[in-house]
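A.B. asks: sequence first, predicted model second:
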Amino acid sequence: MALQHNGTASKLAKHNGETSDHHPSTNGKEEAEHEHADRFTFTSEPTLEDIRRMQAEFTDERNWNQFHQPRNLLLALVGEVGEVSELFQWRGEVAEGLPDWTEPEREHLAQELSDVLIYLVELAEKCHVDLPRAVLRKMALNRLKYPASKVHGSAKKYTEYKD
Ligand SMILES: Nc1ccn([C@H]2C[C@H](O)[C@@H](COP(=O)(O)OP(=O)(O)OP(=O)(O)O)O2)c(=O)n1
């Protein structure tokens, strides 16, 4: 299912029995503060492993594995990030949900972000990084580096905190 830009996908995901990621919090107040009634959510599939497998099938069918070494994939990834940047270029700040964007513009963005994800997943595969596991480890590190009680409401980098 295509991802949608407003509450629709969120409601649809919930309607389908899917729930968004839940991170346990220590008390109900914190929970209430973090609760965003209409926060956008993804559908749960395909997983990153599904995407890895589908892209592997795509490249195998075309005998393109010979071109998909880590460095080439990194360059392809950066190129696609550039294409995402082009869509935002010269527009000024853009509000969440991209309210002023046309449907073709939204679809173009969805395609370019998908290209980024596809190359990112394949780069991780070719570097033998188990991306879903790695992101859990990294998020755990981020939580340690930026304790909510210490940094709440501040966007300073962790090196800027005196302690
Ligand atoms: N050697 C290639 C070429 C393409 N693709 C796949 C992965 C990307 O999802 C998409 C990239 O295709 P293009 O290079 O044609 O880039 P765009 O789709 O962004 O087209 P354009 O550059 O015209 O916007 O196709 C791939 O895996 N390996």
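C.D. replies: Sure thing, it's come through. All values derive from a computational prediction rather than experimental measurement.
A.B. asks: okay, now Asp115: neighbour count?
C.D. replies: Neighbours of Asp115 under the rule other C-beta atoms under 10 Å: 16. (Glycine included, C-beta is placed from N, CA and C.)
A.B. asks: with Phe42 instead?
C.D. replies: Other residues lying near Phe42 total 13 when counted by other C-beta under 10 Å.
A.B. asks: could you say which helix or strand holds it?
C.D. replies: Assigning secondary structure by DSSP states H and E places Phe42 outside every helix and strand.
A.B. asks: now swap in Glu107 and tell me
C.D. replies: For Glu107, the host element (DSSP H and E) is helix 103-126.
A.B. asks: show me how the protein divides into domains.
C.D. replies: Per the record's domain assignment (automatic domain parsing), the chain is made up of the domains 1-45, 47-145.
A.B. asks: out of those domains, which comes closest to His152?
C.D. replies: domain 1-45 (9.2 Å; C-beta to C-beta).
A.B. asks: how about low-confidence regions in this structure?
C.D. replies: Across the chain, the stretches falling below the confidence threshold (pLDDT under 70) are 1-35, 162-163.
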